[in-house]
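got a structure for you, letters missing:
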């Protein structure tokens, strides 16, 4: 006799087998991509001088856990003569252009490229771009198999993707997974953030660096670059440089041997809930302009501190980390539409993008001047000295000397030493202008406060009590 429990189990098993997307037939077959793509994937063997670093496997504990570059080191060659490292790459044209990671060939004395048919070529480094971690090589050969970069940037979260490379020296290993997220921001040690990384759960390990990431059409959608790991091996968090960035960098390296990026000359920050309310936004979004470089592209185009950039060149800016990704792909000299929220009103500006340059950094050292007692915000402030203003590149401001406990300013995170330059929509030049702006505030208002902290500009949202 069949029990009701057995019938129930059989019923749900049948449902599971009939459910869409679960049958074996619906799972992708990667063999075609492997057959057609592998001949254009290469193993890259790099020789470094002994003085550049010690030979053998690096101490993984010395590499930051949040962003370990994958590399494979071999110690078979005596360290006093040379050191060998390995990575992956792929051919993008029949006349021998090859893409890989910058960190694979960084500091190389010689670069050897090995194909799946065991042919080997000495490679020339045409150019590198450390900011995107890309490098372009070339070998003296013709009629080579090559791969095509995806042209439409249509990759979506949840799609199947495939990697081919040489992890731990195991040539032409194939791994597959799905796209976990798009547009991941992983700032470099220098704080630069120009690559909207593709995050996947594809198994990537040392030696996969520079290898291709394929979609199911066999197009290259990214270049495998980084992993998150605590052991040095894959834990299912890998990151690839998207094809849109690769196309831009490769084109410039082929043409000029160097890369120039779009640059605005602004310091930006995220918009939290309180700031969003103070700027008249219905939700936290956009990139808040905290500081503008003097004579930079943003200043010349009319952008102002306090503007919240919501769209740039037709692309939405959900968070501040998205803005560098978009700006970096714009050709210097191009004029693009920029939607901003200013004085609680949305307006469109025409901004001419400049070429990437280094912003000045300012050091803060507060000086004493005339002061004012704590007002309704709970702040004791004094005029910033001319010397301090000159060092900061400011035309005016007040220095916070005291913050009253349990005050509006304390709740918002204002600290002694902050230099206030704007309260609400009112510029703060001195104590008098600060007090006038403070008196104009009403109970329940949400207003932005612009300040300089340790040399860096910052906006803080103040919420006045009812």
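Sure, I can see it. Keep in mind that what you see is a predicted model, and the values were worked out from it rather than measured. Numbering: from 1, shown residues only.

pull up the pairing partners for the one helix or strand residue 197 maps to, direction included.
Per DSSP states H and E, residue 197 falls inside strand 196-200. Using DSSP bridges, strand 196-200 pairs in its sheet with strand 173-185 (antiparallel), strand 238-242 (antiparallel).

so which of these is the most surrounded?
strand 238-242 (a mean of 26; mean count of other Cβ atoms under 10 Å). Glycine gets a C-beta too; all of them are placed from N, C-alpha and C.

circling back to that earlier point, next secondary structure after the strand holding residue 197?
Next helix or strand after strand 196-200 toward the C-terminus (DSSP H and E): strand 212-214.

name the residues that touch that next one?
33, 37, 41, 90, 147, 161-164, 198, 200, 202, 220-224, 240 (Cβ atoms under 8 Å, 6 or more residues apart in numbering).

what's the following helix or strand after that strand?
Scanning forward in sequence from strand 212-214 by DSSP H and E, the next helix or strand is strand 220-227.

mind giving me the packing neighbours of that following strand?
strand 68-69, strand 160-165, strand 196-200, strand 212-214, strand 238-242, helix 243-256 (3 or more Cβ pairs under 8 Å, 6 or more residues apart in numbering; DSSP states H and E).

that older thread, what's the distance between the strand holding residue 197 and the middle of its chain?
Relative to its chain's centre, strand 196-200 lies at 10 Å (Cα atoms, centre = their mean, to the nearest Å).

run through who's touching it.
155, 161, 177-186, 213, 221-222, 225-226, 237-242, 245, 322, 325.

any idea how far residue 284 is from residue 388?
32 Å (Cβ to Cβ, to the nearest Å).

so which of those two has more stuff around it?
residue 388 (21 against 17; other Cβ atoms under 10 Å).

could the helices and strands packed on strand 220-227 go into JSON lines alongside mean pLDDT and distance to residue 28?
Listed next are those as JSON lines, based on pLDDT from 0 to 100; distance: least, Cβ to Cβ, whole Å:
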{"stretch": "strand 68-69", "mean pLDDT": "46", "distance to residue 28": "29"}
{"stretch": "strand 160-165", "mean pLDDT": "96", "distance to residue 28": "5"}
{"stretch": "strand 196-200", "mean pLDDT": "94", "distance to residue 28": "15"}
{"stretch": "strand 212-214", "mean pLDDT": "97", "distance to residue 28": "11"}
{"stretch": "strand 238-242", "mean pLDDT": "94", "distance to residue 28": "18"}
{"stretch": "helix 243-256", "mean pLDDT": "92", "distance to residue 28": "20"}
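
now those as CSV including distance to residue 462?
CSV is the format used below for these (distance: least, Cβ to Cβ, whole Å):
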stretch, distance to residue 462
strand 68-69, 41
strand 160-165, 46
strand 196-200, 33
strand 212-214, 46
strand 238-242, 38
helix 243-256, 39
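
tell me the most buried of the ones you listed?
Taking mean count of other Cβ under 10 Å, strand 212-214 is the most buried of the helices and strands packed on strand 220-227, at a mean of 29.

doesn't residue 402 make contact with residue 417?
No: assessed by Cβ atoms under 8 Å, residue 417 is found out of contact with residue 402, at 10.7 Å.

okay, buried residues for stretch 344-352 please.
By neighbour count on 16 or more other Cβ atoms under 10 Å, the buried set for stretch 344-352 is 349, 351.

from residue 439, how far off is residue 377?
Look at residue 377 and residue 439: by Cβ to Cβ, they are 11 Å apart.

compare the two and say which is more crowded by neighbours.
Ranked by neighbour count (other Cβ under 10 Å), residue 377 and residue 439 place residue 377 first, with 25 against 9.

give me the element the nearest residue to residue 318 once chain neighbours are set aside is part of.
Among residues not flanking residue 318 along the chain, residue 285 sits closest, at 5.9 Å (Cβ to Cβ, 6 or more residues apart in numbering). Of the helices and strands defined by DSSP H and E, none includes residue 285.

look up how far residue 123 lies from residue 285.
For residue 285, the distance to residue 123 equals 45 Å [Cβ to Cβ].

so those two - more neighbours on which side?
More crowded of residue 285 and residue 123, by other Cβ under 10 Å: residue 123, with 25 against 20.

pull the distance from the helix or strand hosting the more buried one to the chain's centre.
Residue 123 is located in strand 120-129, with elements delineated by DSSP H and E. Chain-centre distance of strand 120-129: 26 Å, with Cα atoms, centre = their mean.

do stretch 118-136 as well
The chain centroid and the centroid of stretch 118-136 are separated by 22 Å under Cα atoms, centre = their mean.

buried ones in that stretch?
121, 123, 125, 127, 128, 129, 131, 132, 133, 134, 135, 136.

do you know the pLDDT at residue 4?
Note on residue 4: pLDDT of 50.

how about residue 381, secondary structure?
Using DSSP: H, G, I helix; E, B strand; the rest coil, the structure places residue 381 in strand.

for it, list each beta-bridge partner.
Applying DSSP bridges, one finds that residue 381 bridges with residue 372, residue 400.

pretty sure it sits against residue 403.
No: using Cβ under 8 Å, residue 381 is not in contact with residue 403; the gap is 10.0 Å.

neighbour count: those two, which is higher?
With neighbours defined as other Cβ under 10 Å, residue 381 and residue 403 compare such that residue 381 has more, 29 against 21.

can you pull out the helices in the stretch 51-200 of the chain?
Along the stretch 51-200 of the chain, counting by DSSP state H, counting those that start in this stretch, helices occupy 102-105.

where in it is pLDDT low?
51-83, 188-191 (pLDDT under 70).

hmm, 90 instead?
51-86, 106-109, 130-131, 151-154, 168-170, 183-194 (pLDDT under 90).
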